[in-house]
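# next input, structure requested:
(one chain, ligands or ions: 1)
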Amino acid sequence: MLPPGATIGILGGGQLARMLALAGARLGLKSHVFSPFPDDPAFDVCAARTQAEFDDEAALAAFAESVDVVTYEFENVPARTAQVLEAHRPVRPNPRALALTQDRLVEKEFVQSLGIATADFVAVDNAGALPRAVARLGRNSILKTRRLGYDGKGQTQLRDGGDLAVAFRTLGGAPCILESVVPFAKEASVVAARGLNGEFRAYDVCENLHEHHILARTLAPAEIAEETAIRAIDIARRIAEAAHYVGVIAVELFVVVDEGREALIVNEIAPRVHNSGHWTLDGALTSQFEQHMRAIAGWPLGSTRRHGRVEMRNLIGVEVNAWPELAREDGACVHLYGKKETRPGRKMGHVTRIL
Ligand code: AMP
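Down below sits the predicted model:
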């Protein structure tokens with residue numbers, strides 16, 4: 001167990017790193033944030049900072065030497081970066097788990113290898129492979145880049161009669177997968193943690209509502225059958241165990257209703273704290289951020305007990321301008337990320353209410 005006073009190295013300086021550093025501070029853990037961007041919000045709240053590029057190996061080595069364990073707030077950490085860091089200090093979650101989630105094809109094959117359902121998919125390495133993939137899955141499908149997609153970026157839904165070569169080019173000509181559209185009734189996620197000793201704890205399954213491909217609201221608990229919730233948490237546990245995972249993990253799921261019965265399909269795994277877990281800051285005994293710090297520092301995991309029915313709303317772009325009214329609202333827990341510039345689609349803060 002790393003004692004209070006130990007330093008956690010965090011790669012990336014966005015709001016997730018900021019909330020990790022704040023949660024660590026409450027436990028007496030210091031954070032050293034590494035990010036290329038000088039205005040990143042986590043730099044405001046950390047004990048030490050390194051502003052350097054992720055391929056600056058000298059800066060990475062010096063950073064790793066100055067911390068006790070390294071973690072990250074985003075999944076697109078270059079493999080080489082993780083390798084350089086791992087030569088100096090433990091990296092948690094481990095770089096193999098990271099690599100699994102960086103590539104949609106590898107991720108889906110991994111999930112299926114555990115006997116867990118995903119959407120039907122076909123690899124599309126080049127434009128020539130797309131018509132064959134469409135012949136197998138049909139037009140009711142989504143083309144996604146294998147790497148570097150988020151918030152609906154790097155994906156395009158195929159349209160009847162649309163030009164396939166154009167669809168492929170829209171995504172920059174990168175290797176893709178074609179995925180069947182899942183006729184889901186709900187989107188849900190499991191936010192859970194696995195400790196250094198293999199201990200596993202999950203929060204209640206929550207329900208996610210997206211607008212323009214960006215998470216808008218999360219409700220905890222999800223309105224799903226109890227038996228479905230148990231299966232969802234079991235899916236997250238099996239994934240975390242198979243990946244020898246340490247830290248907080250989020251598993252995004254589609255809930256499909258078939259003849260009155262709820263089935264679960266894994267959409268995506270996030271190897272980090274997740275936006276759909278922000279409600280835990282005010283709505284659970286241990287927040288996902290504290291839980292992640294506990295896990296990677298080798299501490300016992302905290303209680304995931306919920307305080308009530310909880311709603312989290314993201315403040316996206318100019319929605320953040322409502323902060324004075326939110327600050328006045330009795331019972332609204334306001335979180336602002338301190339970002340300098342408001343841009344459309346940018347996550348500026350969130351507000352939690354116990355219903
Ligand atoms: P992703 O970046 O893969 O998480 O996708 C972002 C959002 O697009 C998801 O949260 C869904 O709302 C939607 N989506 C992605 N893949 C599918 C799919 N195969 N079927 C239906 N909706 C999807």
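# kindly report the residues of the stretch 201-350 of the chain close to the ligand.
210, 213, 252, 267-268 (CB under 6 Å from any ligand atom). From N, CA and C alone the C-beta is placed, and that goes for glycine too.
# actually the stretch 1-150 of the chain, not the one I wrote
119, 142, 149.
# out of the residues you listed, which are inside helices?
Within these, no residue falls in helices by DSSP state H.
# mind putting these in CSV, neighbour count included?
CSV is the format used below for these (neighbours: other CB atoms under 10 Å):
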residue, neighbour count
Ala119, 19
Ile142, 19
Gly149, 17
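# which one of the residues you listed sits closest to Ala185?
Ala119 (14.7 Å; CB to CB).
# shouldn't the closest one be in contact with Val182?
Yes - applying CB atoms under 8 Å, one finds Ala119 in contact with Val182, separated by 5.0 Å.
# where in the protein is pLDDT low?
Residues of the chain meeting the criterion pLDDT under 70: 151-152.
# and the longest strand anywhere in it, what's buried?
Longest strand in the chain by number of residues, with DSSP state E as the criterion: strand 247-258. Under the neighbour-count criterion of 16 or more other CB atoms under 10 Å, strand 247-258 has 247-256 buried.
# can you check stretch 138-158 too?
Buried, per 16+ other CB under 10 Å, within stretch 138-158: 141-147, 149, 154-156, 158.
# go ahead and name everything in contact with that stretch.
Stretch 138-158 is touched from outside by 76, 102-106, 123-124, 130, 133-134, 159-160, 164, 167-168, 170-172, 174-181, 212-214, 345, with contacts defined as CB atoms under 8 Å, 6 or more residues apart in numbering.
# now, those residues that are in helices?
102, 104-106, 130, 133-134, 164, 167-168, 170.
# max pairwise distance over the buried residues of stretch 138-158: which two?
Across these, the longest distance by CB to CB is 19.8 Å; it joins Arg147 and Leu158.
# show me what the longest strand of the chain is packed against.
strand 186-194, helix 226-242, strand 261-270, helix 288-296 (3 or more CB pairs under 8 Å, 6 or more residues apart in numbering; DSSP states H and E).
# 10 Å instead?
Using 3 or more CB pairs under 10 Å, 6 or more residues apart in numbering; DSSP states H and E, the elements in contact with strand 247-258 are strand 69-72, helix 95-102, strand 186-194, strand 200-202, strand 206-211, helix 226-242, strand 261-270, helix 288-296.
# list the contacts of the residue of the stretch 251-355 of the chain found nearest the ligand.
For the stretch 251-355 of the chain and the ligand, the shortest gap (CB to the nearest ligand atom) falls at Glu268, measuring 4.5 Å. Under the criterion of CB atoms under 10 Å, 6 or more residues apart in numbering, the neighbours of Glu268 are 75, 101, 104, 107-108, 111, 118, 144, 149-150, 189, 250-253, 274.
# go with 8 Å
101, 104, 107, 251-252.
# and what of Thr228?
205, 255, 262, 264.
# number of nearby residues for the residue nearest to Ala79 when sequence neighbours are not counted?
Spatial nearest neighbour of Ala79, excluding adjacent residues (CB to CB, 6 or more residues apart in numbering): Ala99 at 6.3 Å. Neighbourhood size, Ala99 [other CB atoms under 10 Å]: 17.
# wait, isn't Ala99 in contact with Thr81?
No - counting by CB under 8 Å, Ala99 stays clear of Thr81, with 11.9 Å between them.
# for stretch 233-242, which positions count as buried?
233, 235-240.
# and Thr156, what are its bridge partners?
Leu143 (DSSP bridges).
# same check, this time on Glu268
Bridge pairing for Glu268 - DSSP bridges - gives Glu252.
# His350 too?
The partner residues for His350, given DSSP bridges, come to Asn314, His335.
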